[in-house]
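> no letters, just coordinates:
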């Protein structure tokens, strides 16, 4: 059974760092591109970062570029999002998603067919 489980969220102060993890189970994720999205209260879910199946290609929303880094460990079937220099506007529920069996990531949420339950990130000023 395909499943994505996020962890690592929490309450931090502006300027702090957090690393989110997403543990994937199921055969689909072995060759699936993956991504991170977030949804703030009252706003639509938005793309944060994506990574190809091989890990050789990644991309970021402009709000994340230079501060966030997406990586994946295929041996552990785990996706990561390292977030540095956090800002209050980064406050949101963060979701990991998989786009199986496609190998290239997308930037629209309707391009992903598996989703985690989300983890809350709150950044205080």
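Good, I have the coordinates. If you're wondering where the values come from, they're calculated on a predicted model, not measured in any experiment.
> name the SS class of residue 35, please.
Secondary structure, DSSP: H, G, I helix; E, B strand; the rest coil: residue 35 is strand.
> burial of it, as a residue count?
For residue 35, the tally of surrounding residues (other Cβ atoms under 10 Å) stands at 27. In short, each C-beta sits where N, CA and C put it, glycine included.
> next: residue 92.
When neighbours are counted by other Cβ under 10 Å, residue 92 registers 22.
> just grab the bridge partners of it for me.
residue 121 (DSSP bridges).
> any idea how far it is from residue 66?
18 Å (Cβ to Cβ, to the nearest Å).
> what does residue 22 give?
Computed as Cβ to Cβ, the residue 22 to residue 66 distance reads 22 Å.
> mind checking which of these two has more residues around it?
Using other Cβ under 10 Å as the criterion, residue 22 and residue 66 rank with residue 22 on top: 26 against 10.
> what about that one, helix or strand, and which?
Residue 22 is located in strand 18-25, with elements delineated by DSSP states H and E.
> how many other residues sit next to the nearest residue to residue 77 once chain neighbours are set aside?
Leaving aside its sequence neighbours, residue 77 sits nearest to residue 24 (Cβ to Cβ, 6 or more residues apart in numbering; 4.6 Å). Residues contacting residue 24 under the criterion other Cβ under 10 Å number 24.
> swap in residue 25?
Residue neighbour count, defined by other Cβ under 10 Å, stands at 12 for residue 25.
> list the residues that contact the nearest residue to it once chain neighbours are set aside.
Once flanking residues are discounted, residue 25 sits nearest to residue 3: 4.8 Å by Cβ to Cβ, 6+ apart. When contacts are counted by Cβ atoms under 8 Å, 6 or more residues apart in numbering, residue 3 touches 24, 25, 26.
> I'm done for today, thanks for sticking with me.
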